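Student: sequence isn't available, so here's the structure alone:
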């Protein structure tokens, strides 16, 4: 469904992504992990067509460079990390924005657009909040509204950037479970960046690890999430447990930095 | 893969060439209207706007220093309606007052007021800034400089065929906004709203400085320039209506058709793009339309302040934040508001006149405070 070949992105003088290649099959979930600043968000934005790139991104066999904005919005739905939620806009109006690429410029939304929105609101348990302004819903409800807007685009590829970042454990799981159910029901292809490696491994069929703009590892969660690799890439100290539902990456103490000299200087800088 | 595969969950979109697949994931196939309550312009709101506009126009038609009786003025207007055989007892002078003085002034006031309010609400939408007004990108200072140049220079050229001030003001306004765009684009790599607004500030300062310099050099014309800047409709005639009508009509059509996209822009350029809406293109279209309309309006009316901010805001406080409501209602209430303000301007010190810009601010500010307090109480 999604093929990425030699994707490179330069922001100003900096090369943020460097020849990244990967693929996402129809109905699958590709998890994107990596430390802060690894280029995860840039990769997602490139797939959504929001940043210029070199290399090739093909969605459903079609180069995304030749797609117009409207066509791109029908192929890829993008859930940004910090969506801008106009506080006075109602949940219904917000989700209806997801239909922008489907209705005509002058005509406005059709009955089918309204039906899709009504179904999505219902499916994500937002029907009771439909007329409430976004400023008056909780963080978990707002995140579901953002997901609802993305689903209303009816795009075969769903791209999510840290959808659980501002949510507690339960609300985060709710959003991911709903996404996973929809993926299975409708063969949705999901590309999702997550910080939590345990959760990333639980939902993803495959993981892609980015570090310093490069793809450093990819494969099933079992293959990717090894203690040595996680400690090296994240400069962390972890214990890898083989849990009932996949790999558990648990932070461990005492902290043993992978590179003690660099750790000493970084610590110094952070303390100051 | 499934791109060209028929059936299944995928469906070809209505796009030429290599059609992208679109999921029909949330369609149960039954073509029934769902229970959904999106924010839309309500018929009652339109009716209120129309009623306000008609009431303002009626008041302005009936009141004036000529002392015509309301009955005979109404009869005179009715006598011009086709298929209606009403006879008016107005003298020829009275007829002229109604059709050559009051009527064009009402129509011109309505056009200018609706254009300023509409441009204000549109600017507020594309710049995500509730304080944006139609003069944000330098229209006012450009028009001011143009008018000043015309007042200063034209008397030297003898026998000019028409009043050059509106034309000069229009050209000045357009030049200023084009300069703002050029500056805003070169200033930031990806042109964005902020760099445009900053460009407008710089251009505005420059044009105002040039205008002040010209005035200093030509103090005898200061009075004439000043009275133009304060704004007014005292010289309104059908000629001016004809002059600005095409611009105002086109700008109004364009801005009305963009009202839905203004709501989409409220989630930010990036997300609007990801939803399939070219934010920068929408902004360009809206700014060009609003600028042309505003430039045309100020070229005949001078710089009437406050309408572009107060009218959209009052509507926002009452009807909510959706531009699907604010934009069309701005047209109706903006027109009515300026007609009323002009009525005040020409009656309070009758037979003299107060500058219209003074009235809009003088009446508008307290009224706005009242609305603001009421809105707080309700929310």
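Tutor: Yes, it's here. Note that the coordinates shown come from a computational prediction; the quantities given were computed from them, not determined experimentally. Numbers count the residues shown, from 1 in each chain, chains lettered A, B, ... in the order given.
Student: CA only for contacts and neighbour counts going forward, please
Tutor: Will do.
Student: surely residue A:165 is in a strand?
Tutor: No. Secondary structure of residue A:165 (DSSP: H, G, I helix; E, B strand; the rest coil): coil, not part of a strand.
Student: that one: what's it in contact with?
Tutor: A:81, A:172 (C-alpha atoms under 8 Å, 6 or more residues apart in numbering or on different chains).
Student: tell me how far it lies from residue A:94.
Tutor: The gap separating residue A:165 from residue A:94 is 21 Å, by C-alpha to C-alpha, to the nearest Å.
Student: do residue A:3 as well
Tutor: Here the criterion is C-alpha to C-alpha. By it, residue A:3 lies 30 Å from residue A:94.
Student: so the two - more neighbours on which side?
Tutor: Relative neighbour count places residue A:94 above the other of residue A:3 and residue A:94, with 25 against 18, counting by other C-alpha atoms under 10 Å in any protein chain shown.
Student: the nearest residue to that one once chain neighbours are set aside: which element?
Tutor: The spatial neighbour of residue A:94 that comes closest, neighbours along the chain excluded (C-alpha to C-alpha, 6 or more residues apart in numbering or on different chains), is residue A:149 at 6.8 Å. If you go by DSSP states H and E, residue A:149 is part of helix A:139-152.
Student: now whichever residue of the stretch 151-272 of chain A sits closest to chain B, what's its secondary structure?
Tutor: Using C-alpha to the nearest C-alpha, the point where the stretch 151-272 of chain A gets nearest to chain B is residue A:154, with a distance of 5.1 Å. Judged by three-state DSSP, the three-state class of residue A:154 is coil.
Student: cool, and the one 4 residues further on?
Tutor: Reduced to three states with three-state DSSP, the structure at residue A:158 is strand.
Student: chain center to the helix holding residue A:149, what's the gap?
Tutor: Remark: helix A:139-152 is offset 13 Å from the chain centroid, using C-alpha atoms, centre = their mean, to the nearest Å.
Student: list the contacts of the host helix or strand of residue B:242.
Tutor: The secondary structure element spanning residue B:242 is helix B:238-257 (assigned by DSSP H and E). Counting by C-alpha under 8 Å, 6+ apart, helix B:238-257 makes contact with A:106, B:100, B:104, B:107-108, B:111, B:115, B:118, B:122, B:286, B:289-290, B:292-294, B:296-297, B:300, B:327-328, all of which sit outside it.
Student: which among the residues you listed end up buried?
Tutor: Taking 16 or more other C-alpha atoms under 10 Å in any protein chain shown as the criterion, what is buried in the contacts of helix B:238-257 is B:104, B:107-108, B:111, B:115, B:118, B:122, B:286, B:289-290, B:292-294, B:296-297, B:300, B:327-328.
Student: max-length helix in chain A?
Tutor: As far as residue count goes, and with DSSP state H defining each element, the longest helix of chain A is helix A:169-186.
Student: quick one: low-confidence parts of the stretch 251-379 of chain B?
Tutor: B:375-379 (pLDDT under 70).
Student: got the residues of it near chain A?
Tutor: By the criterion of C-alpha under 8 Å from any C-alpha of the partner chain, the positions of the stretch 251-379 of chain B lying close to chain A are B:257, B:260, B:264, B:266-268, B:270-271, B:273-278, B:320-322.
Student: okay, and which of the residues you listed map to strands?
Tutor: The subset of those located in strands under the criterion DSSP state E is empty.
Student: residue numbers of the stretch 101-250 of chain A in contact with chain B?
Tutor: Residues of the stretch 101-250 of chain A lying close to chain B by C-alpha under 8 Å from any C-alpha are A:101, A:106, A:108, A:111-112, A:114-116, A:118-120, A:130-131, A:152-156, A:186.
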